[in-house]
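# need a structure here:
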Amino acid sequence: GMPLTQTVEGRERYAVRVRYPRELRANPDDLKNIYVPVEKGSPVPLGELVEIRYEQGPQVIKSEDTFLIGYVLFDKLNGFAEVDVVENAQALIQDNIDNGTLVVPQGVSYRFTGTYENQLRAEKTLSVVVPLCLLVIFLILYFQFRSVSTSLMVFTAIAVAFAGGFIMIWLYGQEWFFNFGFFGENLRDLFNMKTINLSVAVWVGFIALFGIATDDGVVMATYLDQSFKSNEPDNKKGIRLATLEAAGKRIRPCLMTTVTTVLALLPVLTSTGKGSDIMIPMAIPIFGGMIIDVTSYFLLPVLYSWKKEYQLKKANR
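From the prediction side, this is the model:
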């Protein structure tokens, strides 16, 4: 294999090397029969000078940052989050190193990489994006109503929907939830129900839910404001009757918003094609949040009536 000379072909130069024919070096036993010249005496077979054996090693030798590197790929079982799996693996390896079961040679190091790192970076970004999203929603509500108290009342729909999203994620992981047949189809299989861990897709679904959940509150609070500006009651009974009348006229538009959103998510929740592993976790919190958000139809009028009664009591005092 040593270069003996060079061959010149136009402007190109190639090293000329002498090699054994392939049939004489195809396997280790053939290598043992290669004769090695010695200074004095007859050539000696290579097998008498060295021990030739099979050794387990890497299929490909790779390097990164001038260091040799090897990759160990592993996956997780269903129902476990990627971050938890990696943290448990790190703790197990460190325990084995501490008690001497695993000896790491000097100059050798390890670290976990891949989707685990992407998840950590996404969590760091979401820790800023989610509070910023809530702040922007509150500011938009304040610019609409010019009242902190009314904005906070509408903002309660986000808390209700937030709880509904987590309830639906919890129900998806329960074996008994929707575990029955309908027209010969098991509903858990139809809706791809399994344990859902918090991920980037889930938090993106929550961000979308925050915006949708305030729609009904804006519709309800806007009409309540308009009704009380046109006819300001001067007693507690009048305030409650006016609130009941205004809220009753806005139940149907609010219900229409919720029903259309829930129905639009059904094809996503039953999808099985490419991208469904991202879209389903994104749709689950929106679906559960909008169902529970129905309670805000009653919560917001009650809070608004309480505010008006407090203002009337304060004015009379």
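# tell me which element Leu120 is part of?
Secondary structure from DSSP states H and E places Leu120 in helix 115-145.
# From Asp30, how far off is the spatially closest residue to Ile34 that is not a sequence neighbour?
Among residues not flanking Ile34 along the chain, Leu46 sits closest, at 4.5 Å (C-beta to C-beta, 6 or more residues apart in numbering). Just so you know, the C-beta spots here come from the backbone N, C-alpha and C atoms, and that holds for glycine as well. Distance from Leu46 to Asp30, counting by C-beta to C-beta, to the nearest Å: 10 Å.
# Please enumerate the helices of the stretch 51-200 of the chain.
Assigned by DSSP state H, counting those that start in this stretch, the helices in the stretch 51-200 of the chain fall at 82-98, 115-145, 148-172, 187-190, 200-230.
# Run through the residues that contact the residue positioned nearest the centre of the chain.
Nearest residue to the geometric centre of the chain (C-alpha atoms, centre = their mean): Ser199, 2.2 Å. With contacts defined as C-beta atoms under 8 Å, 6 or more residues apart in numbering, Ser199 is in contact with 81, 119, 281.
# Can you read off the pLDDT for the second one?
Translated: Gln119. pLDDT for Gln119: 83.
# residue contacts, it?
Counting by C-beta under 8 Å, 6+ apart, Gln119 touches 82-83, 199-200.
# hmm, try it at 10 Å
81-83, 86, 197-200 (C-beta atoms under 10 Å, 6 or more residues apart in numbering).
# on that earlier part again, for the helix holding Leu120, which positions count as buried?
Using 16 or more other C-beta atoms under 10 Å as the test for burial, helix 115-145 gives 116, 119, 122, 126, 133, 137-138, 141-142, 144-145.
# Take those residues and lay them out in CSV including distance to Gly288.
Formatted as CSV, the buried residues of helix 115-145 follow (distance: C-beta to C-beta, whole Å):
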residue, distance to Gly288
Tyr116, 27
Gln119, 23
Ala122, 22
Leu126, 19
Cys133, 19
Ile137, 19
Phe138, 23
Leu141, 23
Tyr142, 28
Gln144, 27
Phe145, 27
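# In terms of distance to Thr66, which of those ranks first?
Thr66 lies nearest to Tyr116 out of the buried residues of helix 115-145, by C-beta to C-beta, at 24.6 Å.
# if I look at the closest one, how far off is Thr222?
For Tyr116 relative to Thr222 (C-beta to C-beta), the value is 46 Å.
# With Asn33 instead?
As judged by C-beta to C-beta, Asn33 and Thr222 stand 94 Å apart.
# Neighbour count: these two, which is higher?
Shown here are Asn33 and Thr222; by other C-beta atoms under 10 Å, Thr222 has more neighbours (15 against 11).
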